[in-house]
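Enquirer: give the three-dimensional model of this entry:
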Amino acid sequence: MEHRTDDAGRPALSPAEFRTLYARLHAAARGTAGRRGALDSITPEGVRAAATEVRSGRTVSLAAPVETRPGPDSPEPARHRLTAPAEGEVPAEGLDFARDRFEMNVHSDADSHLDALCHVIWDGTLYDGIPASTLTPDGASVLTVDLARDGIVGRGVLLDIPPLHGVPWLEPGTQVTAEDLAAAEAAHPGLRVGRGDLLFVRVGHRRRRDELGPWDTARARAGLHPTALEFLAEREVALLGCDSNSDAAPSTTEGVAFPVHVLAVHAMGLHLLDYLQFEDLAPVCEEQGRWSFLCVIAPLRLPGATGSPVNPIAIL
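Expert: From the prediction side, this is the model:
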């Protein structure tokens, strides 16, 4: 797709161009249409094949620590407190228990989480044409995280974008193109993203945050350009995860603040994993000379939830 650029020279889409792209991706995804969306592309045979990726037995978390202190990207951080024992009330003898309570905004701009298929509302509907009226104060009634209650297990593939440009991270506002994804894949001979894969895209968000400190990511962050979703559609991936939230900010799609979310979740039925961290995984992939691995994702079983905190584990 030919696209214009905005005043900063970034690729831009008009409303009409975006809707044309939406229609094309939606049509391409209909081959695996179902209430589980793209997760249906993960087959038992695919899971067994993914298990052969395990060679060293090393496990690596893809989740960032949960933020419990306010910051520019987490104005309402998770709250965690010890509820017992009270200070000074620990018995000198006998049994007692330490207990705690945890509360969080699942879809924050700092914490690793999974977006369910009921998370994105577009033109009054959810994925698969489900009316948005199915969302109530008591929770969603369909397309919830319960679709993944048995876990998401498959071959994970990490595409590391910053090294392509000789930088440790992409600056906020940078958009990853389909050409970037193809180049990151081609940088590792023998690697090819395929049907049913769990695709992870590193933009270096976490490294930048660790080294320079948090910033207002709602206003500026690196992410994917909407047309990059054509790479995912062509390869029939099952899921997309990013160390940002997949969408770049500010958006260059006129009138749509989160175009990648609309395309991935609503048009293609892709569950998204937002604000992961790959700073532990990338060095291991480099050391072992391979960028694919068995991956296990186990969201919480939260009835009616539109998302869940998550700690994906790569097993190499």
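Enquirer: what lies in contact with stretch 47-54?
Expert: Val153, Gly154, Arg155, Gly156, Ser292, Phe293, Leu294, Cys295, Ile315, Leu316 (C-beta atoms under 8 Å, 6 or more residues apart in numbering). (Each C-beta comes from the backbone N, C-alpha and C, glycine too.)
Enquirer: what about the third one, helix or strand, and which?
Expert: Assigned by DSSP states H and E, Arg155 belongs to strand 152-160.
Enquirer: and stretch 24-41, what's buried?
Expert: Neighbour-count burial for stretch 24-41, counted by 16 or more other C-beta atoms under 10 Å, picks out Arg24, Leu25, His26, Ala28, Ala29, Thr32, Arg36, Gly37, Ala38, Leu39, Ser41.
Enquirer: do the same with stretch 70-85
Expert: Across stretch 70-85, burial judged by 16+ other C-beta under 10 Å covers Gly71, Asp73, Ser74, Pro77, Ala78.
Enquirer: and for stretch 248-267?
Expert: Result for stretch 248-267 [16+ other C-beta under 10 Å]: buried residues 248-253, 256, 258-267.
Enquirer: do stretch 40-54 as well
Expert: For stretch 40-54, using 16+ other C-beta under 10 Å, the buried residues are Ser41, Ile42, Gly46, Val47, Ala50, Glu53.
Enquirer: Leu263 against Thr227, yeah?
Expert: No. Taking contacts as C-beta atoms under 8 Å, Leu263 lies outside contact range of Thr227: 9.3 Å.
Enquirer: joint contacts of these two?
Expert: Contact criterion C-beta under 8 Å, 6+ apart; residues shared by Leu263 and Thr227: Leu21.
Enquirer: would you tell me which helix is longest in the chain?
Expert: Criterion DSSP state H: the longest helix present in the chain is helix 15-29.
Enquirer: so how far is that helix from its chain's centroid?
Expert: With C-alpha atoms, centre = their mean, to the nearest Å as the basis, helix 15-29 stands 21 Å off its chain's centre.
Enquirer: who does that helix touch, helix- and strand-wise?
Expert: helix 229-235 (3 or more C-beta pairs under 8 Å, 6 or more residues apart in numbering; DSSP states H and E).
Enquirer: can I get the helix it packs on as PDB, trimmed to CA atoms?
Expert: Extracted in PDB, the C-alpha atoms of helix 229-235 (Å, rounded to 0.1, in the frame of the first residue of the first chain):
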ATOM      1  CA  LEU A 229      -0.400  -6.000  10.000                       C
ATOM      2  CA  GLU A 230      -0.300  -7.300   6.400                       C
ATOM      3  CA  PHE A 231       2.900  -9.200   7.300                       C
ATOM      4  CA  LEU A 232       1.000 -10.900  10.200                       C
ATOM      5  CA  ALA A 233      -2.000 -11.700   8.000                       C
ATOM      6  CA  GLU A 234       0.200 -13.200   5.300                       C
ATOM      7  CA  ARG A 235       2.000 -15.400   7.800                       C
END
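Enquirer: helix/strand/coil for the most centrally placed residue in the chain?
Expert: In the chain, the centroid-proximal residue (C-alpha atoms, centre = their mean) is Leu273; its distance is 2.0 Å. Following DSSP: H, G, I helix; E, B strand; the rest coil, Leu273 is assigned to strand.
Enquirer: and Ile313, how far is that from Cys295?
Expert: 7 Å (C-beta to C-beta, to the nearest Å).
Enquirer: between the two, which is the more surrounded one?
Expert: A side-by-side neighbour count of Ile313 and Cys295, using other C-beta atoms under 10 Å, places Cys295 first with 27 against 16.
Enquirer: wait, is the more buried one part of a helix?
Expert: No. Read with three-state DSSP, Cys295 is strand and lies in no helix.
Enquirer: any idea how many residues pack against the residue lying closest to it once chain neighbours are set aside?
Expert: In space, and not counting its chain neighbours, Cys295 is closest to Gly156: 3.3 Å by C-beta to C-beta, 6 or more residues apart in numbering. Using other C-beta under 10 Å, Gly156 has 28 neighbouring residues.
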